[in-house]
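Asker: Structural data only, the sequence is not supplied:
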């Protein structure tokens, strides 16, 4: 199915190009780019299906889920660091917290996310008659749009729990070439995200594989949204809906290594609710996420000593990290993404069932420690890890630590520290000047890219403080 999707995408690009820009019967006499509206171009079910593949491809951009965003989540926190002994010069400014408003990765992140949102908007607003398939496609587009806004707002705005009325993101839901949007409130962005995910859950009825959104992948993402908002009641409700009704199962310790070694889309509903796919035809090549970690690629990013030490010797997750040397210095390598080329390329995990169990666990606190232990230890028991047996504040800390271990190198750690309003406290693996980054440090929120400020006068006076 992954291969089919990718071959179809190549075809769909051609269809979309001619559909969106149009041509007369004499193909040498090209029409104006505005002669055919997106609504007209996406008037049939097949048009919407082709456009949807373009939206998924947008997520794979190097500066979106293809590499930069999941890497930020560990490098800007305390899990991954750039090898000082040998590196390619990539992302070193994030290792040292020396990035600026002109940073290319920040601009790439912003632009690729909004380009993907644009693709989703065209699908959502398409005039194709409703059907099971069209509803499914639109539901997937709603989920992709929600994912993009959710990712952006957590990096470019303060946490929801600090200031819902603060500056969030420009909300764009329809194509308008003359639009220069200002930033909406953080609360308005989260309202849109939740509305999109609710609509996605309602519209979607089909499950294809792990590389396409399904209704319970959307519900799982919504559980994370609610947790980020500090709405534990709705977070737990959404998480339990996935746990009890989705039909997905958590990967076990005996199958854990094989799970990460496998690179094909999953149809068995084991662990992966949604992932961003790559294959032999459609991938980021040497700039893929796997290659920044793998020693057969750039291999720049290494495992911090304290993260590695947090795993029990029997923990199945520890086998994903290997000791070795790099540039003559001792190092611990990330083998969580072992497939770097060929037909089987490691995908970027976005929503996993293990995360949903940990959301249910955290969201059970402070009022229900029994459930908190139940859901957290469901995961430890499937990793051959020591069970959590604490109470009170220690229990909460143990759950957060479990999240760090389970979701390491998947882009969650920094976002967890931000929503919890905690300092980033890093080990001696990092430069001395960048080992403690307080929650109030202005660099904890990314700058609106300089290119956006230059192009949009309505956002120019809305830069994040400190930048």
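Answerer: On my side now, so go ahead. The shown structure was predicted, so the numbers you read here are calculated from the model rather than taken from an experiment. Numbering: from 1, shown residues only.
Asker: wait, what's in contact with residue 334?
Answerer: The contact partners of residue 334, by Cβ atoms under 8 Å, 6 or more residues apart in numbering, come to 80, 293, 294, 301, 302, 303, 320, 321, 409. From N, CA and C alone the C-beta is placed, and that goes for glycine too.
Asker: any idea how far the first one lies from residue 137?
Answerer: What that stands for is residue 80. 36 Å (Cβ to Cβ, to the nearest Å).
Asker: Over to the fifth one?
Answerer: When Cβ to Cβ is applied, the distance between residue 302 and residue 137 equals 41 Å.
Asker: And residue 255, by the same measure?
Answerer: 32 Å.
Asker: Name the residue in these two with the higher neighbour count.
Answerer: Between residue 255 and residue 137, counting by other Cβ atoms under 10 Å, residue 137 is the more crowded of the two (29 against 15).
Asker: list the contacts for that one?
Answerer: Residues in contact with residue 137 (Cβ under 8 Å, 6+ apart) are 45, 48, 49, 52, 123.
Asker: same thing with residue 149?
Answerer: By Cβ under 8 Å, 6+ apart, the contact list for residue 149 reads 117, 169, 171, 189, 192, 193, 196.
Asker: and the two most separated of those residues?
Answerer: Largest separation among the contacts of residue 149 by Cβ to Cβ: 169 and 196, giving 13.4 Å.
Asker: In a strand, residue 325, correct?
Answerer: Yes: the assignment for residue 325 is a strand, going by DSSP: H, G, I helix; E, B strand; the rest coil.
Asker: contacting residues around it?
Answerer: Residue 325 sits next to residue 331 when contact means Cβ under 8 Å, 6+ apart.
Asker: which residues does it form a beta bridge with?
Answerer: Taking DSSP bridges as the rule, residue 325 bridges to residue 330.
Asker: can you give me the helices for the stretch 251-400 of the chain?
Answerer: Assigned by DSSP state H, counting those that start in this stretch, the stretch 251-400 of the chain shows helices spanning 253-261, 289-293, 305-309, 353-363, 369-380, 392-406.
Asker: Need those in TSV (columns: distance to residue 345 and mean pLDDT).
Answerer: TSV is the format used below for the helices of the stretch 251-400 of the chain (distance: least, Cβ to Cβ, whole Å; pLDDT from 0 to 100):
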stretch	distance to residue 345	mean pLDDT
helix 253-261	12	97
helix 289-293	7	95
helix 305-309	25	98
helix 353-363	22	98
helix 369-380	27	98
helix 392-406	23	98
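Asker: Residue 112 is nearest to which of these?
Answerer: helix 289-293 (14.2 Å).
Asker: Give me the buried positions along whichever helix in the chain runs longest.
Answerer: In the chain, with assignment by DSSP state H, the single longest helix is helix 132-156. Within helix 132-156, the residues that count as buried by 16 or more other Cβ atoms under 10 Å are 134, 136-156.
Asker: tell me the contacts of the residue nearest the centre of the chain?
Answerer: The chain has residue 350 as the residue nearest its centroid, 5.0 Å off, counting by Cα atoms, centre = their mean. Taking Cβ under 8 Å, 6+ apart as the criterion, residue 350 is in contact with 65, 147, 217, 221, 273, 274, 275, 276.
Asker: Go ahead and confirm the fourth one touches residue 242.
Answerer: Pointing back at residue 221 there. No: the criterion here is Cβ atoms under 8 Å, and residue 221 misses it with residue 242 at 9.7 Å.
Asker: Could you report the separation of residue 376 from residue 313?
Answerer: Using Cβ to Cβ, we find residue 376 at a distance of 20 Å from residue 313.
Asker: what about the two, which has more around it?
Answerer: Ranked by neighbour count (other Cβ under 10 Å), residue 376 and residue 313 place residue 376 first, with 24 against 6.
Asker: tell me the contacts of that one?
Answerer: Residue 376 neighbours (Cβ under 8 Å, 6+ apart): 357, 358, 361, 388, 398, 399, 402.
Asker: Kindly indicate the member of those residues with the most neighbours.
Answerer: Result: residue 361 is most packed of those (other Cβ under 10 Å), 29 neighbours.
Asker: Distance check, that one against residue 107.
Answerer: Taking Cβ to Cβ, one finds residue 361 at 37 Å from residue 107.
Asker: in the stretch 101-250 of the chain, which spans are helices?
Answerer: In the stretch 101-250 of the chain, the helices defined using DSSP H, counting those that start in this stretch lie at 104-124, 132-156, 186-203, 215-228, 232-245.
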